[in-house]
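Participant: This is the structure alone, sequence omitted:
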């Protein structure tokens, strides 16, 4: 009986890392038809398209803030539109095979602030 317990424990320990190491869940990101860094670079002279892209980045950060009250990008911390363009340009030069919207995650990580969640008001 002791040997059965030993072998069951051994099998559990061997499978433990696989059970613990789960991939991050896929998250649906609604964006543009072409989100490649090439599309970003091609849009350089298109003021209207860049304005759409900028609005998407602000919307992404707002959505992030909605879902993460404990660590938000607070007002005044979001870079101005020219700085966002420069940030994404740098990101796409460093990682040309990624999508330009992938720059939104490190942008949030670099600008967010940790804070205590605020309880909703009872009006």
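Facilitator: Cool, the structure landed. Keep in mind the model is a prediction, meaning the values are calculated, not measured.
Participant: In the longest helix along the chain, which residues are buried?
Facilitator: The residue-count maximum for a helix in the chain (DSSP state H) belongs to helix 47-67. Neighbour-count burial for helix 47-67, counted by 16 or more other C-beta atoms under 10 Å, picks out 50, 53, 54, 56, 57, 60, 61, 64, 65. Every residue, glycine included, has its C-beta placed from N, CA and C.
Participant: which of those has the weakest pLDDT?
Facilitator: Minimum pLDDT across the buried residues of helix 47-67 is recorded for residue 65, with 81.
Participant: Please name the nearest non-neighbouring residue to that residue.
Facilitator: Among residues not flanking residue 65 along the chain, residue 72 sits closest, at 4.4 Å (C-beta to C-beta, 6 or more residues apart in numbering).
Participant: ok, residue 103 to residue 89 distance?
Facilitator: For residue 103, the distance to residue 89 equals 9 Å [C-beta to C-beta, to the nearest Å].
Participant: Between those two, tell me which one has more neighbours.
Facilitator: residue 103 (23 against 16; other C-beta atoms under 10 Å).
Participant: Low-confidence ranges, the protein, go.
Facilitator: 1-27, 115-123 (pLDDT under 70).
Participant: Show me where it has its helices.
Facilitator: Taking DSSP H to define them, one finds helices in the chain at 2-20, 37-42, 47-67, 81-94, 104-111.
Participant: in the shortest one, what counts as buried?
Facilitator: In terms of neighbour count (16+ other C-beta under 10 Å), helix 37-42 has its buried residues at 37, 39, 40.
Participant: cool, and the fourth one?
Facilitator: Within helix 81-94, the residues that qualify as buried by neighbour count (16+ other C-beta under 10 Å) are 84, 85, 87, 88, 89, 91, 92.
Participant: I'd like to know how far the most centrally placed residue in the chain sits from residue 79.
Facilitator: Nearest to the geometric centre of the chain sits residue 105, at 3.1 Å (C-alpha atoms, centre = their mean). With distances taken as C-beta to C-beta, residue 105 is found 15 Å from residue 79.
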